[in-house]
Structure formats: C-alpha cells, structure tokens
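Novice: Structure for this input, please:
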Amino acid sequence: MTAAIRAEGLRKAFGGRPVLRGVDLEAPAGTVLGVLGPNGAGKTTTVRILTTLLAADAGRASVAGFDVAARGREVRRRIGLTGQSTAVDGLLTARENLALIGRLLRLGRAGTRRRVDALLDRFGLAAAADLPAATLSGGLRRRLDLAACVLGEPAVLFLDEPTTGLDPVSRTVLWDLVRDLVGGGATVLLTTQYLEEADALADRIAVVDAGRVIAEGTPAALKRKAGRDRLEVVLARPAETAETARLLTRLAGHPARPDPDRAAVAVPLPGGLDDLARVAAGLSAAGVAVTDFTLHRPTLDDVFFALTGAGEAEPAA
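Specialist: Model prediction:
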C-alpha cells in the first residue's frame, strides 16, 4: 500500500534541548495510525512538522506523496488538521463557521452551500446550525471543528488529541465519525492519551517517548509484547489458597502467585484459551470451589506503562 504519511529520522530541538531524536513513522493510505505517548513525548511537535507548521532540524517527511519541506503548499492543499483546542469562531454560528472555510477554499457560493448542508447533517449539527458556536457544548464544538477540518475533502487528516475533555458519549460519536471518514478513503494520524481510543480506531500504533518511537505495530501485536494472558482464580475456601497455588503451578507449568488476603491465585497462561480449558478441568477434578474465574488479557494500558515507565519522559513539546 502507498504510504500517505512517512517520516524518517525527524529531529527537532528548542533552545538546544532535543525534543525529537529521530522519529520514524509510516501510515499506508486509508488507514489510521495512532501515536501514543505521555505528556511531553514529542507527539504535537511531530504533527506540527508533518503539517508544515514547523521545520525539522533534520530528517525528511512526506504527506500525500509530497515532501513537507520542499512542497509545503501541495501538502497543505491535501490535509486537514484539528488541534488540541477547537479552532472555531465562537461569535459565528456553526453554519457560518463552515461557510467561511468554504469561501477560503474557493468552493463557490453554491458549492459551499451544498457542502456545508451535507456536513451539518453528517456530523449531527443540523439542529444547532444557526446557534453561535460559543453556545454549543464541548462535544458539538468538537464535531464542528472536525467538520471544518474535512470540508475541503482532504486526503490526510491529522487529529491531535481530538477528544480530550469530552464525555464518553461525545467521544464515541467522534470515533464513529473518524471511522466513517476512513471508510471513505481518508488517512488519519491520531495522537491520543486515551489508550482505548487508539485500540478502537488505529490500524497500527506508534508509541513515542522522549522524542523517539520506542515501539510500533498493530494493537494486537503490541499487547502480545506487554505480557502473557493471566488467569486469576478467587476461592470459595480461603484455607485452600496455598494448596491451589501449588496445583495451578503444576497445571499451567508456570509459577502461580497466591494472594491470601483475597483468597486468590494468579498464574500466567501463555497458551491462552487452550491452557484455560485444561486448567479449569484440573481444578474441577481436584474439587476446588471457586467464586470467580477470570482470564486477564494484556491491554494497551499494559503496553503503555511497560514501555514508557508510566510516563517518566523528558520534558518535550
């Protein structure tokens, strides 16, 4: 697949302080690349370089097939960008905000009207179309910001923490809109600190820390790197905790960890569901009574904390 976004060895320093230390990224056309990292990891600086708002000190990057340094105007014609704060004019109505963008893009009066009406409907803004943007809820302003971002039908979208501060319902609506845009052929680079957001939307994820990409892959592949499946059993008879830990060690082939205070035992299950079935049968045959039997799978939270040290990154932008 053709790469819609490609960065190779991006470096940037401010006042002699390194912020990016050789960032490599790639997003095939029609996919979502999630960029995860703690505060100050360099995510926003990377977006600013890829969108031609900032020049890199070293390295190279292309967006939609054009070099961001040498062909910046061509890049800007093909991208949309939403920052961490909405960029709509609070004094204008939702309709007026979109119409202004249409005029700036020289879509013509009729073309702008058609496009604005379509986006107001598509983004669930029709009922609020003639209200000042300042009176809209945070979720509706975010939808308006995203609608403005895609009014020119860009090939590549950069969404820099687009759902920060939104309630869960508004966040889910934005997720659906992003999926819809990608289904229509757009490529998205999404920076986020919401791990479930990256898990839900991204085809591939790059984890950035202290200005470097420290891991990259599909969400499933990254989860596998974070650790193995783990079974936790809570016992009906607390006195059997130590004995059950020994039994689970034999059944699973890995050391089990008892928790006497909770009458629980945890054990790694690298074989996943196959191991689970065998261990369950062994516990049943031994007459062990349980009140809870849970298989814990690695999450992106596990990936994030394992790779970044719970966010102990150097300060960066």
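Novice: so where's the stretch 101-250 of the chain shaky on pLDDT?
Specialist: Residue ranges of the stretch 101-250 of the chain with pLDDT under 70: 226-227.
Novice: residue ranges of the helices in it, please?
Specialist: 109-122, 138-150, 168-183, 195-201, 219-226, 241-252 (DSSP state H, counting those that start in this stretch).
Novice: Quick check: which of those helices is nearest to residue 131?
Specialist: Nearest of those to residue 131, taken as C-beta to C-beta: helix 138-150 at 8.8 Å. C-betas here are computed from N, CA, C, even on glycine.
Novice: between the closest one and helix 109-122, how big is the angle?
Specialist: 140 degrees (axes from the mean of the first three to the mean of the last three C-alpha atoms, to 10 degrees).
Novice: Redo the helices of the stretch 101-250 of the chain as TSV? Include mean neighbour count.
Specialist: Below are these laid out as TSV (neighbours: other C-beta atoms under 10 Å):
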stretch	mean neighbour count
helix 109-122	16
helix 138-150	22
helix 168-183	16
helix 195-201	20
helix 219-226	17
helix 241-252	18
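Novice: Out of those helices, which is closest to residue 97?
Specialist: helix 138-150 (6.2 Å).
Novice: what's that closest one packed up against?
Specialist: strand 79-82, helix 94-104, helix 109-122, strand 156-160, helix 168-183 (3 or more C-beta pairs under 8 Å, 6 or more residues apart in numbering; DSSP states H and E).
Novice: want to try JSON lines for these, with distance to residue 263 as columns?
Specialist: Formatted as JSON lines, these follow (distance: least, C-beta to C-beta, whole Å):
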{"stretch": "strand 79-82", "distance to residue 263": "49"}
{"stretch": "helix 94-104", "distance to residue 263": "56"}
{"stretch": "helix 109-122", "distance to residue 263": "53"}
{"stretch": "strand 156-160", "distance to residue 263": "46"}
{"stretch": "helix 168-183", "distance to residue 263": "34"}
